[in-house]
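# Sharing a sequence plus its predicted fold:
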Amino acid sequence: GAVVSQHPSWVICKSGTSVKIECRSLDFQATTMFWYRQFPKQSLMLMATSNEGSKATYEQGVEKDKFLINHASLTLSTLTVTSAHPEDSSFYICSARDTWGRVSEQYFGPGTRLTVT
Amino acid sequence: GESVGLHLPTLSVQEGDNSIINCAYSNSASDYFIWYKQESGKGPQFIIDIRSNMDKRQGQRVTVLLNKTVKHLSLQIAATQPGDSAVYFCAEMAQGGKLIFGQGTELSVKP
């Protein structure tokens, strides 16, 4: 089956620093990827839609200057949390849609646990 | 809109029993509805999906029912096993492939 990887799987950073999270589709092309955030015991909240070669589309309430998304190739999207604060601590999950697959097919990465101290 | 709960409802079942997990969705224009399973510390795992023009779809040990009249979705798991213990989310697919997740239900299977 289709595999999506994320790196790192967990990261601890100090307040005010930036952290980059990578999302890769390993065996398929993904023109579109999505970034979600999940707080403990809560649902996944969509942050933004990442499209290869174009600007990301952010959901209402998500600061685009704080959560920088780059989708430079058909297999890689990155999310950079800039000037991180403790309230940014969360589980960040990406998903990728197979360019040539069914509309409903979306594959999720294993998630990245971010802790800001 | 997006659904984010402050806590997860829980469902506790005995091993071997059938489980039914329910979900309400908001957008009657959604084309696809999908069930995901999420184990602790991991990303969601696809279970089964159903298109809006269907009422029922069956997979291996799972059945999804869609009631568009009341905007209700359910996941039935037959002969529930300890390995089924996880959080289950329904999601509706909005325009552009965006997934809007439901609140989630934590399934606990007692051996």
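Everything's here; your move.
# How many neighbouring residues does residue 84 have?
Here I'm looking at chain A. 22 (other CB atoms under 10 Å in any protein chain shown). For glycine as for every other residue, the C-beta is placed from the backbone atoms N, C-alpha and C.
# meant chain B, my bad for not saying
18.
# ok, so what distance separates it from B:Q14?
As for B:D84, its distance to B:Q14 is 12 Å (criterion: CB to CB, to the nearest Å).
# Can you work out which residues contact both of the two?
By CB atoms under 8 Å, 6 or more residues apart in numbering or on different chains, B:D84 and B:Q14 have these common neighbours: B:V109.
# check contacts around B:L73.
Counted by CB under 8 Å, 6+ apart, B:L73 has contacts B:N22, B:C23, B:A24, B:Y25, B:F33, B:W35, B:I50, B:V64, B:L65, B:L66, B:N67, B:C90.
# Over to A:V81?
By CB under 8 Å, 6+ apart, the contact set of A:V81 is A:S18, A:V19, A:K20, A:I21, A:K66, A:F67, A:D88, A:Y92, A:L114.
# wait, which of the residues you listed is closest to chain B?
A:Y92 (10.2 Å; CB to the nearest CB).
# Skipping its backbone neighbours, what lies nearest that closest one in space?
For A:Y92, ignoring the flanking residues on the chain, the nearest one in space by CB to CB, 6 or more residues apart in numbering or on different chains is A:T112 at 4.8 Å.
# Now do the same contact list for the one you found.
A:T112 touches A:Q6, A:H7, A:P8, A:S9, A:W10, A:V11, A:I21, A:F91, A:Y92, A:I93, counting by CB under 8 Å, 6+ apart.
# A:F28 too?
Taking CB under 8 Å, 6+ apart, we find A:F28 in contact with A:A2, A:A96, A:D98, A:T99, A:W100, A:G101, A:Y107.
# Top of the contacts of A:T112 by number of neighbours, please.
A:I93 (26 neighbours).
# does that one have beta-bridge partners, and which?
Beta-bridge partners recorded for A:I93 (DSSP bridges): A:Y36.
# So which residues on chain A come close to chain B?
A:4, A:6, A:32, A:34, A:36, A:41-46, A:49, A:57, A:59, A:91, A:93, A:95, A:97, A:103-111, A:113 (CB under 8 Å from any CB of the partner chain).
# Please repeat the previous calculation with a cut-off of 7 Å.
A:32, A:34, A:41-46, A:49, A:93, A:97, A:103-104, A:106, A:108-111 (CB under 7 Å from any CB of the partner chain).
# Select only the buried ones of these in ChimeraX?
The ChimeraX selection below is limited to those of these classed as buried (16 or more other CB atoms under 10 Å in any protein chain shown):
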select /A:32,34,42,43,44,45,46,49,93,97,104,106,108,109,111
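# Please flag which of the residues of chain A next to chain B sit within strands.
Using DSSP state E, the members of those that fall within strands are A:T32, A:F34, A:L44, A:M45, A:L46, A:T49, A:I93, A:R97, A:Q106, A:F108.
# In a markdown table: the residues you listed, plus pLDDT and distance to B:V109.
Below are those laid out as a markdown table (pLDDT from 0 to 100; distance: CB to CB, whole Å):
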| residue | pLDDT | distance to B:V109 |
| --- | --- | --- |
| A:T32 | 93 | 35 |
| A:F34 | 96 | 30 |
| A:L44 | 96 | 23 |
| A:M45 | 95 | 27 |
| A:L46 | 95 | 30 |
| A:T49 | 94 | 35 |
| A:I93 | 98 | 24 |
| A:R97 | 91 | 32 |
| A:Q106 | 88 | 27 |
| A:F108 | 96 | 23 |
